[in-house]
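Student: Got a predicted model here, sequence first, then my questions.
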Protein chains: 2
Amino acid sequence: MRPYSGLHTPPVKKEGIGRPLRFSIPRENKVVEGIEDAIHRMGIRDIKIFPSALFPVHEHLIPYIEDGTISWIEGSLNGPLGRFASEGGLLPHPVVLRTHGGRTRAIEAGDVVIDVAFLAASAADPAGNMTGAVGPSAFGAAGFAFADAWYARKVVVVTDNIVPYPCTPISIPSTCVDVVAKVDRIGDPEGIGWGTTQITRDPRMLMVARRVIKVLEAAGYLKNGFSFQAGAGGTSLAVVKFLGDYFKERGLVASFAMGGTTGYVVRMLDEGTLQAILDAQAFDLKAIESLTKNPNHMEVSHHHFGNPHTGGAITHQQTACFLGATEIDVDFNVNVNTHSDGYLLHGTGGHTDAAVGSEVTIITAPLIRGRIPVIRERVTTITTPGEAVDVVVTDHGVAVNPRREDLLKSLKKTDLPVVDIEDLKRKALSLVGKTIEPKLGDEVIAVVEYRTGEILDSVFRVLK
Amino acid sequence: MRPYSGLHTPPVKKEGIGRPLRFSIPRENKVVEGIEDAIHRMGIRDIKIFPSALFPVHEHLIPYIEDGTISWIEGSLNGPLGRFASEGGLLPHPVVLRTHGGRTRAIEAGDVVIDVAFLAASAADPAGNMTGAVGPSAFGAAGFAFADAWYARKVVVVTDNIVPYPCTPISIPSTCVDVVAKVDRIGDPEGIGWGTTQITRDPRMLMVARRVIKVLEAAGYLKNGFSFQAGAGGTSLAVVKFLGDYFKERGLVASFAMGGTTGYVVRMLDEGTLQAILDAQAFDLKAIESLTKNPNHMEVSHHHFGNPHTGGAITHQQTACFLGATEIDVDFNVNVNTHSDGYLLHGTGGHTDAAVGSEVTIITAPLIRGRIPVIRERVTTITTPGEAVDVVVTDHGVAVNPRREDLLKSLKKTDLPVVDIEDLKRKALSLVGKTIEPKLGDEVIAVVEYRTGEILDSVFRVLK
């Protein structure tokens, strides 16, 4: 593993690993009943898992980790599994935290070889052509599934909805699929959008969102052709809502939004203030519905979204992104993985991919959260390097990265409370009295892999 | 090179070659003016060409072959270039003739490494996202381009229509693209459909087409869920027209048609007698228009269409295909490449892929063509092995491959003129007096590579 050496690092190798060659005979039927049959058919044991992310719904995996059935996790941890890992629960291998783009890079470069990929489908035909766009359990764009489908040694499509050949539309073609496992239900679509995909109701954060619009306006970004990506946090969603209002009021038309897609972005497409949605993942039910209805709402892979070792990721074309943080430091480094007590509680998602690619990266956060300063001398963990961050917008002021002199100049002409980030740090400290310091052991429980494959930071065990 | 050993041969290797890893920085603009600039930028010389097929419009390449600029061709030859090769014009390497599915197999297995792919686009954005579906020079599905885009060391998108980012829809993503070359015009859309895509007006062949419908009906194939692929020849098109009439009259609904897509197939989709079109290539302008309009008209790659070394090609799911022939022999081997005088004048297209995959493969042909028997003791060149052919329908009778006893039994119950293929051979000979024998040299000017990569036959130099 190489240490981090800058935002843009070319691949070490000239070519990726080969895709498995398969072999099939006419009219082959790949359907088996249940995942157990699929696993039995392939003889799987001693499991290393490579999810895009694990959430509270995956808490039931903890006993399998404790008994050694699962011996290694490479993927984002949110909530209980992160807490478990922070307390030393995951031995002997540190968890590897990657961005969405970095995850596909790792697959394509051969850094991670997937023996078996289990890919959920809301509709699949007996040959394995599949989609997430239609069916009773439709979940929208299947952006994560593409790289896994291309490179995994064996691919199992898991579905509760076998449709006649050919599945319509087709996201992943039959050519990549070995087994179609029929289950009773792949999940609850009502669960999509739970948690992070509600607009904030916190008046402080609504003010922050309005300030983001003012920053973009003052800097001259809000015009025809503007493009953006928003995180799934409530403040980012508020920014998108205000952005939609702004474009509608002025008769402007944005170029594209990269999703994680929400109803707020769909509204812009429907109202004609946005020309296209590039969608790798639905954040709510409106996003799912729009994908099948509007030809300008296009499904894309996370390879296309953010793999830096390709001829051109979508994130590299974005004008702006609005992202959250658990902590931000005076060098503009952003932490979204750990809390200030050291606990690993959140995945990276597309945070770094979006921040590095966008022309202007805006981080929104309250100055303090609970009794904890968000703006600090040093972040507990670096998720996204400060050199990829342009503006930090808080309820107590707006700080501009000194390397963006142009932005600083524009913003100083406005009534926005532009301050030095050191001032924000001091203000936060004065409000809470003192920062907490996490009690950490020497043991590395996770590493933050930068999107190009270099190691950016380590996460340490929390001592209780 | 291995000799042919049967219809279904697994891959020799477990995995294909790696895809090139690229590297791009935000807001990179890949546009250059003209192909010359693109070539200059990459330093290309000593050219081996790997087209899907060369046609009469490519006759101007002959001087480049004569002066050694082009030293090797792997791809189908139609017309003048085939004639030139037959007369020994292409030294020192024999031409390699592949099926559409076999061509993608060869790319993915690394049998052919493409240094530079030039991919036409009727719309492309400055990052290289591209499509053939829209724009003044729209040509429809870009099925051929996918494997080239995935594996070529350098990919040049050639377009006469640069659109703002993001191109909509996207067939090939920017991640695969190195250069976008802007030219005045990529071609003449009016030329699509020239030549082979007119329905036959020959009363003999219209009768043949009607007999095909009777064969399918008698064998019980014409029911809901029927799927098919038709070649681009006039008789195959007539079959599709009659099939559309048949389904409409009886209120039946076919499942899918695999295209090469024509207006006759689009008519079925529009009339509701067909549920989906899987489209790798447009054969006429109606196919182009439908692709952008109807969500059940889906673009697919030729990898998905017919690569046998994958988890499942579309051709492997077809009920029936209707294909042409220059010659058919008493073992049901079919020749579509050479004429009986030995000249290599036609490409293979998807002929073998369709024949091997379909439940029932029907070859249509006149008994004699000019003064030349089409049904013969031995074909001049084997394009598609007889074991993949079920029925031969001619103006003088219908012959069933003896391995299809079930079909023979069904057809004998009808008023169709069911005959032994030996009878057809004798009848043809009696009509023309005697067959011509080509005058061939020892020199192999082309090899027929079976779709799984084995050598099926050789094409020899014609002595003038």
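Tutor: Ah, there it is.

Student: for chain B, what are the nearby residues on the stretch 301-450 of chain A?
Tutor: By CB under 8 Å from any CB of the partner chain, the residues of the stretch 301-450 of chain A that approach chain B are A:301, A:303-304, A:307-317, A:356-359. Any C-beta I mention is one placed from the backbone N, CA and C, and that applies to glycine too.

Student: So which of those sit within helices?
Tutor: Those of these mapping onto helices are A:303, A:304, A:356, A:357, per DSSP state H.

Student: ok, the second one - contacts?
Tutor: Looking back up the chat, that one is residue A:304. The contact partners of residue A:304, taken as CB atoms under 8 Å, 6 or more residues apart in numbering or on different chains, are A:278, A:280, A:310, A:313, A:314, B:173, B:174, B:175.

Student: can you do 10 Å?
Tutor: Under the criterion of CB atoms under 10 Å, 6 or more residues apart in numbering or on different chains, the neighbours of residue A:304 are A:101, A:104, A:143, A:146, A:258, A:278, A:280, A:298, A:310, A:312-315, B:129, B:166, B:170, B:173-176.

Student: Name the nearest residue to it, sequence neighbours excluded.
Tutor: Spatial nearest neighbour of residue A:304, chain neighbours left out: residue B:173 (4.4 Å); criterion: CB to CB, 6 or more residues apart in numbering or on different chains.

Student: got it, and the last one?
Tutor: When the adjacent residues along the chain are set aside, residue A:357 lies closest to residue A:315, with 3.1 Å between them (CB to CB, 6+ apart).

Student: same deal with the first one?
Tutor: Nearest non-adjacent residue to residue A:303, counting by CB to CB, 6+ apart: residue A:104, 4.4 Å away.

Student: what about that neighbour, how many residues close to it?
Tutor: Burial of residue A:104, expressed as a neighbour count using other CB atoms under 10 Å in any protein chain shown, amounts to 33.

Student: Assign a three-state SS to it, would you?
Tutor: helix (DSSP: H, G, I helix; E, B strand; the rest coil).

Student: Give me the phi and psi for residue A:251.
Tutor: Note on residue A:251: backbone dihedrals following degrees, to the nearest 10 are phi 70, psi 30.

Student: Surely it touches residue A:223?
Tutor: No: the criterion here is CB atoms under 10 Å, and residue A:251 misses it with residue A:223 at 11.4 Å.

Student: Among these two, which residue is more densely surrounded?
Tutor: Between residue A:251 and residue A:223, counted using other CB under 10 Å, residue A:223 has the larger neighbour count: 14 against 9.

Student: quick one: secondary structure of the nearest residue to that one once chain neighbours are set aside?
Tutor: If the residues on either side of it in the chain are set aside, residue A:223 comes closest to residue A:252, at 6.4 Å by CB to CB, 6+ apart. Residue A:252 carries the three-state label coil when classified by three-state DSSP.

Student: How much space separates residue A:252 from residue A:416?
Tutor: Distance of residue A:252 to residue A:416, given as CB to CB, to the nearest Å: 21 Å.

Student: just residue A:148 next, same as before
Tutor: Distance of residue A:148 to residue A:416, given as CB to CB: 44 Å.

Student: try residue A:199
Tutor: When CB to CB is applied, the distance between residue A:199 and residue A:416 equals 22 Å.

Student: Spell out which helix or strand contains residue A:445, please.
Tutor: Following DSSP states H and E, the helix or strand that holds residue A:445 is strand A:440-449.

Student: Please name the nearest non-neighbouring residue to residue A:79.
Tutor: Using CB to CB, 6+ apart and skipping the chain neighbours, the partner closest in space to residue A:79 is residue A:56 (4.3 Å).

Student: Run a quick neighbour tally on that neighbour.
Tutor: Here the count is done by other CB under 10 Å, and residue A:56 has 12 residues near it.

Student: mind pulling up the phi and psi values for it?
Tutor: Geometry field for residue A:56 lists phi and psi as phi -50, psi -30, criterion degrees, to the nearest 10.

Student: near chain B, which residues of the stretch 101-250 of chain A show up?
Tutor: Of all the residues in the stretch 101-250 of chain A, those in contact range of chain B (CB under 10 Å from any CB of the partner chain) are A:104-105, A:108-110, A:125-129, A:149-151, A:153-155, A:164-170, A:173-179, A:224-225, A:227.

Student: Narrow those residues to those that are buried.
Tutor: Under a neighbour-count criterion of 16 or more other CB atoms under 10 Å in any protein chain shown, the subset of these counted as buried comprises A:104-105, A:108-109, A:125-129, A:149-151, A:154-155, A:165-170, A:173-179, A:227.

Student: Just to be sure, which of the residues you listed are found in strands?
Tutor: Judged by DSSP state E, strands contain the following of these: A:154, A:155, A:179.

Student: Format those as a markdown table; extra columns: distance to residue A:139.
Tutor: Shown next, in a markdown table, are these (distance: CB to CB, whole Å):
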| residue | distance to residue A:139 |
| --- | --- |
| A:154 | 22 |
| A:155 | 18 |
| A:179 | 20 |
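
Student: Out of those residues, the closest to chain B would be?
Tutor: Within these, proximity to chain B (CB to the nearest CB) peaks at residue A:155, which comes in at 7.3 Å.

Student: just how off-centre is the lowest-mean-pLDDT helix or strand in chain A within its chain?
Tutor: The helix or strand of chain A with the poorest confidence is helix A:34-42; it has a mean of 74 (mean pLDDT, DSSP states H and E). Computed by CA atoms, centre = their mean, to the nearest Å, the separation of helix A:34-42 from the middle of its chain amounts to 30 Å.
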